[in-house]
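K.L.:
3D model of this:
(2 chains)
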2 protein chains.
Amino acid sequence: MTKTIQDSVALVAVDWGTSNLRLSLLDEAGQVLAERGSDRGMGSLDPSEFEGALLELIDQDLPTGKVTPVICCGMVGAAQGWKEATYQTVPCAPPDGKGATRVSAQDARISVWILPGLKQQSPADVMRGEETQIAGFLADNPDFDGVLCLPGTHTKWARISAGEVVSFQTYMTGEVFALLSKQSVLRHTVNGDEWDADEFASALADTMSRPQGVASKLFGLRAEALVAGMSASTGKARLSGYLVGLELAGARPYWLGMPVALIGAPALCKLYQAGLATQGCEATLHSVTEMTLNGLKAAYSDVKDMNT
Amino acid sequence: MTKTIQDSVALVAVDWGTSNLRLSLLDEAGQVLAERGSDRGMGSLDPSEFEGALLELIDQDLPTGKVTPVICCGMVGAAQGWKEATYQTVPCAPPDGKGATRVSAQDARISVWILPGLKQQSPADVMRGEETQIAGFLADNPDFDGVLCLPGTHTKWARISAGEVVSFQTYMTGEVFALLSKQSVLRHTVNGDEWDADEFASALADTMSRPQGVASKLFGLRAEALVAGMSASTGKARLSGYLVGLELAGARPYWLGMPVALIGAPALCKLYQAGLATQGCEATLHSVTEMTLNGLKAAYSDVKDMNT
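P.N.:
Okay, the predicted model is just below:
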C-alpha cells in the first residue's frame, strides 16, 4: 500500500503574509510531501478565521491520535493577525522556535506556533517573515558576514555578522511602485509589456547621482508620454530605475564594499542585482521559498521539544 | 424692478479641473454676479456630458437672443476632456484668449472656449489650468521677475521673466502624499488631527540635507508608531516634511535666490511658505481663486472679438 501524506507528515511549515498563505507539509526528515497555498492572507482575515483558512488546506492530511506542529512566520503574528507574536530586538540572532508564540487552536490535531519578528529601536524598524528567511540563509551559510537584501513590497536590508542581525532598514519601494503604476496619474504611462534594461540602468544612475531629482522625474514620465510619445515600456523601466535608484542611494551604507546576497522573487531580485551591478556590487541570488522553508525547519526541533 | 443675473451676465468664467467644476458669472465690467460649482470634474465625464454639466449650473442665468461667451481653463481641455485644446510651448507668455479652442455647443445661447495649456519640450512637462493663474498673476504684476510656485495635487514651479514663462517643472507631491496617507501601509500612522510645525520643519530639513534618506524614512513612520508609539499627528507632519522637503531639494534651482510667489489653496501654500522660510526664502501668498478669475477675465477681450 502506498504511504499517504497523512502517514508521514511531521510538520506543517507556513509562510503567512498579508496577501497570501503558503505552506509545505514535511516529513520527519524535512522532505517536502506537498505544497499548498491560497490568497487568504492576514489582511483579509479576522482572528477567528485563521484556523479555518489553515485547515482548508491541510484538513485531509492531518493524522489523528497525535499532535502535528504547525510553525508559522510572517504577518500572521502582527497585532491584526491571528495572535500577536513577540519581537526580538536587534542586534540578535534571527529568531528560532524557542521564542515562538503558541496559538490556541480548536482542532486537537495541531499545535500552532508563530515565530517572533525582529525590531530595531533606533532608527525604528520592524520585520515579520524576513527574519525566518534570514534564519534559513544562515542555516546554510553560518559564517556569512555581509548584507542580505530581501526585495518585496517592503524591501529589507540586513547587516549580518557573527550569526546575528546587527541592524536593518526597510524600503517601501515595491508598494510605492504599485501605487504609482496602478493608481496615480502615471497609470497610463508605465505599464508596458517589454523590458528595457538600458532605460532602467540609465534612470537608476540618474537618481543615484542626484536623488532629489526623482520628485520631478515622476511627473516627467507622464509629460514625456504626452509630449514626445514615450512608450509605456520605457516608462515602466524608468519608473523602476528611479525608485530602485532612490533605494540604492539610501541603502548605500549597507551595500557599499560588502558581500550582498539577495533573497526574494527571482524577477525582482534580478532587478536589484542589475542595479547593484551598475555600482560595482556583485550580489548573489537565493530562493526565497527555500530560505523560508529552511528557517521554518530550523525552528522545528525547538518547537517539537515544547510540543507536549 | 431689480436687475437679475440674466440681465447683466456678459461672461461665464470656468475653472474645470479633473475633480471639480467651478465657475463665476461676470458682468461686462468684470464684477462677479454669482459663483457656482459642482463635483462634475473632467475625470467623471464623457465628452457628451460636459455641456449638460455646465448648463446644470447656469441654465437659468443665460440671456436669450444673444450669445454669452464661456471661457474655460484646466483639464477640460485634455485629450480625455470636452475637446482637446492646444498647448503653447515655453518660453512664451501665458496663453491669452487668442489661442483658445472653440467647442461646439448645442445650446445657441453660449459660445464655449477652452484656453491653451503650456508644454515644455525638454525636460518634458505640461500644464493645464495653472497657465491661467499665471496669466492672472501677471495681469496684476506685469513686471514680476522670479518664480511662481502653484502647490496642488501636481505642484508647478514656473520661472517668470519679461512677462514670459521661461521654464517650468511639475512635482507629484500632493498625489504621492494622498496615496501614501490613504492607501499605503502608512494609512494608520499619518492621519492625525493636530499639526506639529516643529516635526514638519525637522523632517523637511533632514530630507533637504540627505534626500536619498527619504526612501527608508517612509516605512520608518510605521515602525516608529509600532515600536515607540509615535502619534498619527507627528506622523502626518513628518510625512509632509519628507515629501515637501524632497520637492524643495529638487526645485532648489528654481527658488534659490529668487523672489517666490505662491498661488494655491491657503493651507497648502502656508506649508510651502513655512518650508521655504526654513531655507531663508520669503515667499508671498496669493489667492488661487482670484488669480484664476483674473486670467479668465484677461482672455475675455480676445474671445469677445472672435465671438461672432
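
K.L.:
just give the number of residues close to residue A:35.
P.N.:
Number of residues near residue A:35 (other Cβ atoms under 10 Å in any protein chain shown) recorded here: 13. Placement of C-beta: from N, CA and C, glycine included.

K.L.:
show me the helices in the stretch 201-308 of chain A, by range?
P.N.:
Ranges of helices in the stretch 201-308 of chain A, per DSSP state H, counting those that start in this stretch, are A:214-228, A:232-250, A:252-255, A:266-277, A:288-306.

K.L.:
okay, those, which one's buried deepest?
P.N.:
Each of the helices of the stretch 201-308 of chain A was scored by mean neighbour count; the highest is helix A:232-250, a mean of 25, by mean count of other Cβ atoms under 10 Å in any protein chain shown.

K.L.:
elements contacting it?
P.N.:
Here helix A:232-250 touches strand A:164-171, helix A:173-183, helix A:197-209, helix A:214-228, helix A:266-277, helix B:214-228, going by 3 or more Cβ pairs under 8 Å, 6 or more residues apart in numbering or on different chains; DSSP states H and E.

K.L.:
ok so, going back, so which of the helices of the stretch 201-308 of chain A comes closest to residue A:178?
P.N.:
Among these, the nearest to residue A:178 by Cβ to Cβ is helix A:232-250 (10.4 Å).

K.L.:
now the angle between helix A:214-228 and the closest one, please.
P.N.:
Per axes from the mean of the first three to the mean of the last three Cα atoms, to 10 degrees, the angle that helix A:232-250 makes with helix A:214-228 is 170 degrees.

K.L.:
give me the distance between helix A:232-250 and the centre of its chain.
P.N.:
Averaging C-alpha positions (Cα atoms, centre = their mean, to the nearest Å) puts helix A:232-250 20 Å from its chain's average.

K.L.:
tell me the phi and psi of the most centrally placed residue in chain A?
P.N.:
For chain A, the residue nearest the mean C-alpha position is residue A:130 (5.1 Å; Cα atoms, centre = their mean). Note on residue A:130: its backbone torsions stand at phi -60, psi -30 [degrees, to the nearest 10].

K.L.:
what pLDDT is listed against it?
P.N.:
In this model, residue A:130 is scored at 97, pLDDT.

K.L.:
and if you look at residue A:4?
P.N.:
89.

K.L.:
buried set for stretch A:61-71?
P.N.:
The neighbour-count check on stretch A:61-71 (16 or more other Cβ atoms under 10 Å in any protein chain shown) flags A:61, A:62, A:68, A:69, A:70, A:71 as buried.

K.L.:
and which of those residues is nearest to chain B?
P.N.:
Nearest to chain B among those is residue A:71, at 23.3 Å by Cβ to the nearest Cβ.

K.L.:
pretty sure the closest one sits in a helix.
P.N.:
No. Going by DSSP: H, G, I helix; E, B strand; the rest coil, the assignment for residue A:71 is strand, not a helix.

K.L.:
for it, what are its contacts?
P.N.:
A:11, A:12, A:13, A:14, A:97, A:100, A:113, A:115, A:296, A:299, A:300, A:303 (Cβ atoms under 8 Å, 6 or more residues apart in numbering or on different chains).

K.L.:
which of these lies closest to chain B?
P.N.:
residue A:115 (17.4 Å).

K.L.:
what about that closest one, distance to residue A:297?
P.N.:
Using Cβ to Cβ, to the nearest Å, we find residue A:115 at a distance of 12 Å from residue A:297.

K.L.:
looking at the helices and strands packed on helix A:232-250, which is nearest to residue B:160?
P.N.:
helix A:214-228 (18.0 Å).

K.L.:
which residues does the closest residue to residue A:153 other than its chain neighbours contact?
P.N.:
Closest residue to residue A:153 apart from its sequence neighbours, by Cβ to Cβ, 6 or more residues apart in numbering or on different chains: residue A:174 at 4.2 Å. Residue A:174 makes contacts with A:151, A:152, A:153, A:154, A:155, A:268, as judged by Cβ under 8 Å, 6+ apart.

K.L.:
switch to 10 Å and redo it
P.N.:
A:151, A:152, A:153, A:154, A:155, A:243, A:244, A:247, A:264, A:265, A:268 (Cβ atoms under 10 Å, 6 or more residues apart in numbering or on different chains).

K.L.:
try residue A:41
P.N.:
A:16, A:17, A:18, A:19, A:20, A:21, A:22, A:53, A:74, A:75, A:76, A:81.

K.L.:
quick one on the thing from earlier: tabulate the contacts of residue A:71 (CSV), appending distance to residue A:137.
P.N.:
Below are the contacts of residue A:71 laid out as CSV (distance: Cβ to Cβ, whole Å):
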residue, distance to residue A:137
A:11, 20
A:12, 22
A:13, 16
A:14, 19
A:97, 17
A:100, 19
A:113, 21
A:115, 15
A:296, 13
A:299, 14
A:300, 17
A:303, 20
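
K.L.:
can you list the domains in chain A?
P.N.:
By the assignment in automatic domain parsing, chain A contains the domains A:5-140+A:297-306, A:171-288.

K.L.:
can you say which of those is nearest to residue B:182?
P.N.:
Closest of the domains of chain A to residue B:182 is domain A:171-288, at 9.8 Å (criterion: Cβ to Cβ).

K.L.:
average pLDDT for the closest one?
P.N.:
Mean predicted lDDT for domain A:171-288 stands at 96.

K.L.:
do the same with stretch A:21-33
P.N.:
Here the average pLDDT along stretch A:21-33 is 96.

K.L.:
which parts of it are buried?
P.N.:
Using 16+ other Cβ under 10 Å as the test for burial, stretch A:21-33 gives A:21, A:22, A:23, A:24, A:25, A:26, A:30, A:33.

K.L.:
can I get that stretch in CSV, CA atoms only?
P.N.:
This file holds the C-alpha atoms of stretch A:21-33, laid out as CSV (Å, rounded to 0.1, in the frame of the first residue of the first chain):
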residue,chain,number,x,y,z
LEU,A,21,-0.9,31.9,2.7
ARG,A,22,1.7,29.4,1.6
LEU,A,23,2.5,26.1,3.3
SER,A,24,4.5,22.9,3.0
LEU,A,25,3.8,19.6,4.6
LEU,A,26,7.1,17.9,5.6
ASP,A,27,8.1,14.5,6.9
GLU,A,28,10.3,13.9,10.0
ALA,A,29,13.4,14.1,7.8
GLY,A,30,12.4,17.5,6.4
GLN,A,31,11.4,16.3,3.0
VAL,A,32,8.5,18.2,1.4
LEU,A,33,5.5,15.9,0.9
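
K.L.:
chain center to that stretch: distance?
P.N.:
Its chain's C-alpha centre and that of stretch A:21-33 lie 19 Å apart, by Cα atoms, centre = their mean.

K.L.:
same deal with stretch A:110-129?
P.N.:
Using Cα atoms, centre = their mean, the offset of stretch A:110-129 from its chain centre is 12 Å.

K.L.:
now the terminal residues of that stretch, how far apart.
P.N.:
One end of stretch A:110-129 sits 21 Å from the other (Cα to Cα, to the nearest Å).

K.L.:
do that stretch and chain B come into contact?
P.N.:
Yes. In terms of Cβ under 10 Å from any Cβ of the partner chain, part of stretch A:110-129 sits within range of chain B, namely A:117, A:119, A:120, A:121, A:122, A:123, A:124, A:125, A:126, A:127.

K.L.:
just the buried subset of those, written out for ChimeraX, thanks.
P.N.:
Selection of buried members from the residues of stretch A:110-129 next to chain B for ChimeraX, criterion 16+ other Cβ under 10 Å:
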select /A:117,119,120,123,124,125,126,127
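
K.L.:
can you redo the helices and strands packed on helix A:232-250 as a markdown table with distance to residue A:288?
P.N.:
Below are the helices and strands packed on helix A:232-250 laid out as a markdown table (distance: least, Cβ to Cβ, whole Å):
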| stretch | distance to residue A:288 |
| --- | --- |
| strand A:164-171 | 16 |
| helix A:173-183 | 13 |
| helix A:197-209 | 22 |
| helix A:214-228 | 27 |
| helix A:266-277 | 8 |
| helix B:214-228 | 19 |
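
K.L.:
could you list the low-pLDDT ranges of the stretch 1-150 of chain A?
P.N.:
Along the stretch 1-150 of chain A, the model assigns pLDDT under 70 to residues A:1.
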